[in-house]
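Undergrad: Pasting the sequence and the predicted coordinates here, then a few questions.
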Amino acid sequence: MTNQNLSPTLQNQKVILRPLQQSDEDLLWPIAQEKALWIYGLKDLSIRENLHQYIKAALKDREDGICAVWIIIDAVSGKVAGCTRLAEISWKDERGQIGWTWIGKEFQGTGLNKAMKYEILKYGFETLGLNRIELKADERNIQSRKAMIKLGATEEGTLRQHMKIADGFIRNTVFYSILKSEWPAIKESITIGFD
């Protein structure tokens, strides 16, 4: 358990990350109906009970001091775009993982994901004092993997037959990471285009 604030609002001119609440379920429900979001997902959140349990579990993890979870809002339009987390925080090992991210099709490819990752990385390294932030993707999810590389993350390797996803397929998982020592240079490269 930690006394760190795991419920901050993070924002820049492209994105607002507001701490998730159970009442946000109704706001996220329309986006969760986009079936394409769950092709590589561990759970199909287009099923109402799954979405309810997903939010409940995330809030419990936040309460337990191992997760920060946000609803994603497009700062330009004010529309809800999805959900994301900095989770599996190990305070002893000074690490966490960005993931559980889903963004509606309308907001994909708009720079929203990059703006959001920037804020979470900044928060993880500069506020929480983490040394390592991990990202992972289904080996088949080329779009996500390219985005992680573009962000400046280092591909570390593949865990074979690592996780069973919603449709029963056991996926290979590719791991990526960014270290605190790498953050200043990556931060500089990400902020280009923010000014």
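TA: The structure has been received and is ready for your questions.
Undergrad: CA atoms for contacts and neighbours, from now on please.
TA: Noted.
Undergrad: now the protein, which segments are flagged as low pLDDT?
TA: 1-3, 192-195 (pLDDT under 70).
Undergrad: quick one: the strands in it?
TA: When assigned using DSSP state E, the strands of the chain occupy the ranges 10-11, 15-19, 68-74, 80-90, 95-103, 132-138, 154-164, 170-179.
Undergrad: Can you name the residues in contact with the second one?
TA: When you say that, I think you mean strand 15-19. Among residues not part of strand 15-19, those counted as contacts by C-alpha atoms under 8 Å, 6 or more residues apart in numbering are 7-11, 68-76, 112, 115-116.
Undergrad: Contacts only, for the spatially closest residue to residue 66 that is not a sequence neighbour.
TA: Nearest residue to residue 66, sequence neighbours excluded (C-alpha to C-alpha, 6 or more residues apart in numbering): residue 89, at 4.6 Å. Going by C-alpha under 8 Å, 6+ apart, residue 89 touches 65, 66, 67, 95, 96, 97.
Undergrad: and the residue lying closest to residue 43 once chain neighbours are set aside, how far is that from residue 68?
TA: With C-alpha to C-alpha, 6+ apart as the criterion, residue 43 has its nearest non-adjacent residue at 4.7 Å, and that residue is residue 166. When distances are taken as C-alpha to C-alpha, to the nearest Å, residue 166 and residue 68 turn out to be 24 Å apart.
Undergrad: who has more neighbours, those two?
TA: More neighbours sit around residue 68 than around the other of residue 166 and residue 68, counting by other C-alpha atoms under 10 Å; the figures are 26 against 15.
Undergrad: Need the single longest helix in the protein, by residues.
TA: helix 48-63 (DSSP state H).
Undergrad: outside of it, which residues touch it?
TA: Residues lying outside helix 48-63 but in contact with it, judged by C-alpha under 8 Å, 6+ apart, are 6, 20-22, 25, 29, 32, 43-45, 67-69.
Undergrad: Measure how far stretch 163-175 is from the centre of its chain, please.
TA: Mean C-alpha position of stretch 163-175 versus that of the full chain (C-alpha atoms, centre = their mean, to the nearest Å) differs by 17 Å.
Undergrad: Give the buried residues for that stretch.
TA: Buried positions in stretch 163-175, judged by neighbour count with 16 or more other C-alpha atoms under 10 Å: 165, 171, 172, 173, 174, 175.
Undergrad: contacting residues around the fourth one?
TA: Counting by C-alpha under 8 Å, 6+ apart, residue 173 makes contact with 136, 137, 138, 139, 158, 159, 160, 161, 162, 163.
Undergrad: who's it bridged to?
TA: With DSSP bridges as the criterion, residue 173 is bridged to residue 138, residue 159.
Undergrad: Which of the strands of the chain has the highest mean neighbour count?
TA: Ranked by mean neighbour count under mean count of other C-alpha atoms under 10 Å, the strands of the chain are led by strand 68-74, which reaches a mean of 25.
Undergrad: Just want the angle from that strand to strand 80-90.
TA: Angle between the axes of strand 68-74 and strand 80-90 is 160 degrees (criterion: axes from the mean of the first three to the mean of the last three C-alpha atoms, to 10 degrees).
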